[in-house]
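Asker: sequence below, structure please.
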Amino acid sequence: MTQMLTGKEVVAAMRDDLTARVETLKEHGITPTLAIVRVGERPDDLSYERAAVKRAEGLGIAVRTFALPADASQAALEAVIDEVNADDALHGCLLFRPLPAGIDERAVCDRLAPEKDIDGISSASLAGVFADTGEGFPPATAQACLEMLDFYGIPLEGKSVVVLGRSLVIGRPVACMMLARHATVTLAHSRTADAAAHTREADIVVCATGRARAYGPEYFSPGQVVLDVGINFADGELCGDVDFAAVEPVLGDGGAITPVPGGLGSVTTSVTMAHVVAAAERAASR
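Answerer: Next up is the predicted model:
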């Protein structure tokens, strides 16, 4: 029977560790604090903000929200980023994207100080991931994939991995992070000829293209581990990039898959909080 790699157990283990670390910081007069920067009131941003605030408060992490109108100027947004950078009481910053049309998103991301960039959105943070320097923070979703594998005791060393998707948010970072763990990684994308031929031969497949149920049974083989990063809505339902109902039986005994919902999403939020705590610890050590 295919193993379900559910997130709640991972989140619970992370919660115990983070709660202890937050208490230690508070004993030294430091309250880990997250800055949320939001432009406009997109429903998905508001939903994620509520979830992030709830998770933070449950761990004893403080949150300060900087909400700008949807028509905010580049200068106004950059002024907020400068304020976050300058405030030593703010340890990490979560900037909701995509930003409205007319905003130079790359310029805003790169303006954020790497030590406060808890979601790996700046060029400096990504350079740390690609060069494996250990500096800065990787994108939370990419880190969540590794947290999931580690919790369930699934090794990467010596394994064949195919990552479907080459975005800077997940595809390329997670490929580099798995390569650093000594996996042999193939990065496939929309221009890859016969991507299914690659995925069928892999030990681990990461699906991260944001296409609802795009990957059916023809992409997979028995015994594989499948990490479905996709968060999509189709036919009124929340679903992943994998056609779960069709693929789960193919994986069979020895196989494993992350469900959507209930898989990597909640782990990603916990990773974000872990990065806030780590940023506070680093600031304290400085």
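Asker: got any ranges where the stretch 101-250 of the chain has weak pLDDT?
Answerer: The stretch 101-250 of the chain contains no residues with pLDDT under 70.
Asker: how many neighbours does residue 54 have?
Answerer: 11 (other C-beta atoms under 10 Å). Quick note: C-beta positions are derived from backbone N, CA and C, even for glycine.
Asker: what do you get for residue 157?
Answerer: Considering only other C-beta under 10 Å, residue 157 is surrounded by 9 other residues.
Asker: please enumerate the helices of the stretch 101-250 of the chain.
Answerer: Taking DSSP state H, counting those that start in this stretch as the test, the helices found in the stretch 101-250 of the chain are 105-111, 123-131, 140-151, 171-180, 195-199, 244-251.
Asker: which residues sit against the last one?
Answerer: The reference is to helix 244-251. 2, 213, 215-217, 219-224, 226, 228, 257, 259-260 (C-beta atoms under 8 Å, 6 or more residues apart in numbering).
Asker: which of the residues you listed are buried?
Answerer: Using 16 or more other C-beta atoms under 10 Å as the burial test, those include 2, 213, 215, 217, 219-221, 224, 226, 228, 257, 259-260 as buried.
Asker: out of those residues, which two sit at the greatest distance?
Answerer: 221 and 260 (20.6 Å; C-beta to C-beta).
Asker: wait, a helix at residue 10?
Answerer: Yes: according to DSSP: H, G, I helix; E, B strand; the rest coil, residue 10 belongs to a helix.
Asker: list the contacts for it?
Answerer: 147, 148, 151, 266, 267, 270 are the contacts of residue 10 under C-beta under 8 Å, 6+ apart.
Asker: among those residues, which one has the most neighbours?
Answerer: Tallying neighbours with other C-beta under 10 Å puts residue 267 at the head of the contacts of residue 10, with 28 neighbours.
Asker: flag every buried residue along the helix or strand harbouring it.
Answerer: Element membership for residue 267 (DSSP states H and E) is helix 264-285. Buried positions in helix 264-285, judged by neighbour count with 16+ other C-beta under 10 Å: 264-281, 283.
Asker: now for it, which elements pack on it?
Answerer: Judged by 3 or more C-beta pairs under 8 Å, 6 or more residues apart in numbering; DSSP states H and E, helix 264-285 is in contact with helix 7-27, strand 33-39, helix 43-59, strand 92-95, helix 140-151.
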